[in-house]
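[1] Output the structure for:
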Amino acid sequence: MERRFLLNDRLVELGPDERGLALAWLRQRQGLCGTKEGCGEGECGACTVLLGELSPRGVVYRAVASCLLPVGELPGRHLVTIEGLNPPTGLNPIQQQFVDEGAPQCGFCFPGMVVSLTGFFLDSADLSVNDGLAALDGNICRCTGYAAIVRAVTALAATYRPLLDPTRARVDQLAEWGILPAAFATAAARLSTLGAPPIERFDTTAPAVLFAGGTDLIVQQPDLPAAADLAYLSRRPELRVIERELDELVIGGAVTIEEFGHAPEFRALVPDAPAIVGRFGSTLIRNRATVAGNLVNASPIGDVTILLLALGAKVVLSRDGRRRTVPLSEFFLGYKQLAREPGELVAAVRVPASVAGDLVSFEKVSQRRFLDIAGVNSAARIRCRDGLLERVTLAVGGVAPVPLSASSTAAYLTGRTLDAATALAAADVLESEIAPISDVRGSAGYKRELARRVLFAHLLRVAPDRLRVEELV
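    Numbers count the residues shown, from 1 in each chain. The predicted structure is shown next:
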């Protein structure tokens, strides 16, 4: 079994006893302590690393939280820490710009930010300031140096955006600028010489734990990667495809949320997908969390789940080569209960291509805009012509034991003329469909009011000329 991978600029091999999480392995086994140990839950960004994977277009790098990354995911890949980005002498341009702006503060969170911004330089299409700031949405500064950080990112984007040549390999340009060491240019060739890790077999009688992104599983069971055999779904290429099949878009279960939101095939159906998905966790989480993982987590407020539910998606379940398809609206039987038989895997999600042309709206109410669990979230798919609501589907999270398909509310709206009276009456129908409970994210009464408000937000978005906020009280 292939256990070799690139760590910064050198080839390493995992020993038979080396298990657990990459963060501990880096610090304790490799002495690479620039990767800091912070929250241990992927929320602070102090442990950010780059994970590179060989693809037809070269090595694709993503910034991820090493506290949620099992070492078993590393074979065949390129793991980059802050030490691997340091030049032989002095500072690289990202580090220097931070210093010039007074942004590093205490230095505990600074290395993770440098790694995340390196991911931005590798991935952003046009090196815009907005992309640079978004790349840091999972990195906190405990010393509250945010104004200086914004200045540094703004200056970096202003300096290098005009120099960007879209016809050249990004890695080569970054190496010329000093943002990447020159050794990155050989990473693809070096990875191609490694034997591919074996494709995971999903034997329903085997004891291995099926493992996708692990962004929730490891938080709940942090000792799992060290104590159990994991079958990594990322090793199954058929689970990572996004492709059009006739009148449906097929999204593999192991596709990450970031890949899902930015896939051209999905954006053709939902143009606002990147902005919508940008509300789901942080970049560090979205680069690991998977579409299927969000579904099987069975949270009543799963963001991806609510969006797909409104789109009328179907779930493809697989076991021992046999497949069956279940409408997502029928997949959730009760709190944390799924219409999934033992050993079945969520192989894919199918989204109807007829979504194209409809308004797809997503609303999320949480205490923080980013990296927070919703109190109430909602998605709607609406087709409206000349004020007539021709087609409506609505999903609401946080108001029932399961992600709720508000079918009665959607049925009430469909075929009606959109005006204030219709919106208020539909909100009353929605109130009859939901059954929120009081918890740490709000009282039942508060969530009822939120559910009404997010419905109004959807309707205002589809026809702002036909409704006024003052009428929706």
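[2] Determine the longest helix present in the chain.
    Taking residue count as the measure and DSSP state H as the definition, the longest helix of the chain comes out as helix 444-462.
[3] how far away is the residue positioned nearest the centre of the chain from Ile276?
    Centre of the chain computed as the mean C-alpha position; nearest residue by Cα atoms, centre = their mean is Arg286, 2.0 Å away. With the distance defined as Cβ to Cβ, to the nearest Å, Arg286 ends up 12 Å from Ile276. Any C-beta I mention is one placed from the backbone N, CA and C, and that applies to glycine too.
[4] between those two, what contacts are shared?
    Applying Cβ atoms under 8 Å, 6 or more residues apart in numbering, one finds that Arg286 and Ile276 are jointly contacted by Gly261.
[5] Strands along the stretch 1-150 of the chain, start to end?
    Listed from the start of the chain, the stretch 1-150 of the chain has strands (DSSP state E, counting those that start in this stretch) covering 4-7, 10-13, 48-55, 58-65, 78-80.
[6] Nearest to Val304, out of those strands?
    Using Cβ to Cβ as the criterion, the shortest distance between Val304 and the strands of the stretch 1-150 of the chain is 17.6 Å, found for strand 58-65.
[7] Check which residues of that closest one are buried.
    By 16 or more other Cβ atoms under 10 Å, the buried positions in strand 58-65 come out as 59, 61-65.
[8] Take the residues you listed and write them to CSV, including pLDDT.
    As requested, the buried residues of strand 58-65 are arranged in CSV below (pLDDT from 0 to 100):
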residue, pLDDT
Val59, 95
Tyr61, 97
Arg62, 97
Ala63, 98
Val64, 98
Ala65, 98
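[9] and this structure, what are its domains?
    By the assignment in automatic domain parsing, the chain contains the domains 1-197, 237-357, 358-473.
[10] which one of the strands of the stretch 1-150 of the chain lies closest to Arg381?
    Ranking those by their distance to Arg381 (criterion: Cβ to Cβ) puts strand 58-65 first, at 29.5 Å.
[11] Need the contact partners of the closest one.
    Residues from elsewhere that reach strand 58-65, judged by Cβ under 8 Å, 6+ apart: 42, 45, 47-53, 78, 80, 115-116, 118-119, 122-123, 135, 138, 169, 171, 187-188, 191, 256, 258, 283-285, 287-288.
[12] Can I get the buried ones among those residues as something I can paste into PyMOL?
    This is the PyMOL syntax for the buried subset of those, where burial follows 16+ other Cβ under 10 Å:
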select buried, resi 42+45+47+48+49+50+51+52+78+80+115+116+118+119+122+123+135+138+171+187+188+191+256+258+283+284+285+287+288
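[13] For burial, what's the neighbour tally of Ile437?
    Residues within reach of Ile437, counting by other Cβ atoms under 10 Å, total 13.
[14] check contacts around the closest residue to it other than its chain neighbours.
    With sequence-adjacent residues excluded and distances taken as Cβ to Cβ, 6 or more residues apart in numbering, Ile437 is closest to Ala444, at 5.6 Å. With contact taken as Cβ under 8 Å, 6+ apart, Ala444 is in contact with 436-438.
[15] Out of those, which is nearest to Thr144?
    Nearest to Thr144 among the contacts of Ala444: Ser438, at 32.8 Å, using Cβ to Cβ.
[16] hang on, the earlier thing: would you mind giving the buried residues of strand 58-65 as TSV with distance to Gly102 added?
    Rendered in TSV, the data for these read as follows (distance: Cβ to Cβ, whole Å):
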residue	distance to Gly102
Val59	34
Tyr61	28
Arg62	29
Ala63	23
Val64	28
Ala65	26
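[17] And the furthest pair within those?
    Of all pairs drawn from the buried residues of strand 58-65, the greatest distance, 19.7 Å, lies between Val59 and Ala65 (Cβ to Cβ).
[18] Alpha carbons only: can I get stretch 345-353 in PDB?
    C-alpha atoms of stretch 345-353 as PDB (Å, rounded to 0.1, in the frame of the first residue of the first chain):
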ATOM      1  CA  LEU A 345     -23.600   4.800   0.700                       C
ATOM      2  CA  VAL A 346     -24.900   8.100  -0.600                       C
ATOM      3  CA  ALA A 347     -23.200   7.800  -4.000                       C
ATOM      4  CA  ALA A 348     -24.600  10.900  -5.700                       C
ATOM      5  CA  VAL A 349     -27.200  13.600  -5.700                       C
ATOM      6  CA  ARG A 350     -29.300  14.300  -8.800                       C
ATOM      7  CA  VAL A 351     -30.600  17.900  -9.400                       C
ATOM      8  CA  PRO A 352     -33.100  18.500 -12.100                       C
ATOM      9  CA  ALA A 353     -31.800  20.700 -14.900                       C
END
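[19] residue contacts, the nearest residue in space to Arg170 that is not next to it in sequence?
    Spatial nearest neighbour of Arg170, chain neighbours left out: Leu122 (6.0 Å); criterion: Cβ to Cβ, 6+ apart. With Cβ under 8 Å, 6+ apart as the criterion, the residues that contact Leu122 are 50, 61, 170-171, 174, 180.
[20] mind checking how far Leu122 is from Arg235?
    Distance, Leu122 to Arg235, by Cβ to Cβ: 23 Å.
[21] what's the answer for Thr417, then?
    Applying Cβ to Cβ, the value for Thr417 to Arg235 is 53 Å.
[22] Please say which of the two ends up with more neighbours.
    When Thr417 and Arg235 are compared on other Cβ under 10 Å, the one with more neighbours turns out to be Arg235, at 20 against 12.
[23] Please report phi then psi for that one.
    With angles defined as degrees, to the nearest 10, Arg235 shows backbone torsions of phi -90, psi 0.
[24] Just the pLDDT for it.
    Arg235 carries a pLDDT score of 87 in this model.
[25] Likewise for Glu200?
    Among the per-residue scores, Glu200 holds a pLDDT of 55.
[26] again, but for Thr205
    Here, the pLDDT recorded for Thr205 equals 51.
[27] just the one 10 residues further on next, same as before
    At Thr215 the predicted local distance difference test score is 94.
[28] What's the local residue count around it?
    By the other Cβ under 10 Å criterion, the neighbourhood of Thr215 contains 27 residues.
[29] next one: the one 10 residues further on
    Burial of Pro225, expressed as a neighbour count using other Cβ under 10 Å, amounts to 25.
[30] Which residues are in contact with it?
    Applying Cβ under 8 Å, 6+ apart, one finds that Pro225 lies in contact with 19-21, 70-72, 214, 218.
[31] now do Leu14
    For Leu14, the residues meeting the contact criterion (Cβ under 8 Å, 6+ apart) are 3-5, 71, 74-75.
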